[in-house]
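# Model the following, please.
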Amino acid sequence: MMTLLAKALGWFTGSGLATPISLIVALTMAHQAWLARDNRVEERGEQRCEAEHHLAVARAERDQAKRAVEKAMQIIEQEKQLTETMRHDRQAITREFAAYKDRASADPRCLSDGVLDLLRGHGQVGELGAKR
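Got it, this is the predicted structure:
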């Protein structure tokens, strides 16, 4: 660009007016080139700023999703522990009930549930049982 300006200046130097005009033209062209460069730098800066903003937003969303997954995993682990506790409790109750049942059937004074119901009148046969 400067070479062209120098050649143009040499061509215009033949007249006395050519030197100031060519100097004004050269300064105007340099100023336009400087403004174009400033615009490019500003556009790149804006693009970089926007890219960094999008990156920051994506990282924040990722971190939020990560925390949500960790919280869900903790809840799942707590539910597993609760389920295991309930399973052990249920098994203990089943064993305890079986032990009571075995002890009750070993006692000759105990009667079966069906016999007790008949004695209490819950399982009456005939017309009285149908009235309920």
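# which stretches of the protein have low pLDDT?
Applying pLDDT under 70 to the chain flags the ranges 1-3, 5-19, 104-132.
# Please, where are all the strands along it?
Remark: strands of the chain are absent; assignment by DSSP state E.
# Okay, helices next: where are they in it?
Applying DSSP state H to the chain gives helices spanning 2-12, 18-106, 113-120, 127-130.
# okay if I get the ones you listed as a markdown table plus mean neighbour count?
(C-beta placed from N, C-alpha, C; glycine too.) Listed next are the helices of the chain as a markdown table, based on neighbours: other Cβ atoms under 10 Å:
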| stretch | mean neighbour count |
| --- | --- |
| helix 2-12 | 12 |
| helix 18-106 | 10 |
| helix 113-120 | 11 |
| helix 127-130 | 9 |
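# do you know how far residue 54 is from residue 48?
Separation of residue 54 from residue 48 (Cβ to Cβ, to the nearest Å) stands at 11 Å.
# now do residue 22
Applying Cβ to Cβ, the value for residue 22 to residue 48 is 39 Å.
# just residue 91 next, same as before
Counting by Cβ to Cβ, the gap from residue 91 to residue 48 is 64 Å.
# That's all I had, so thanks and see you.
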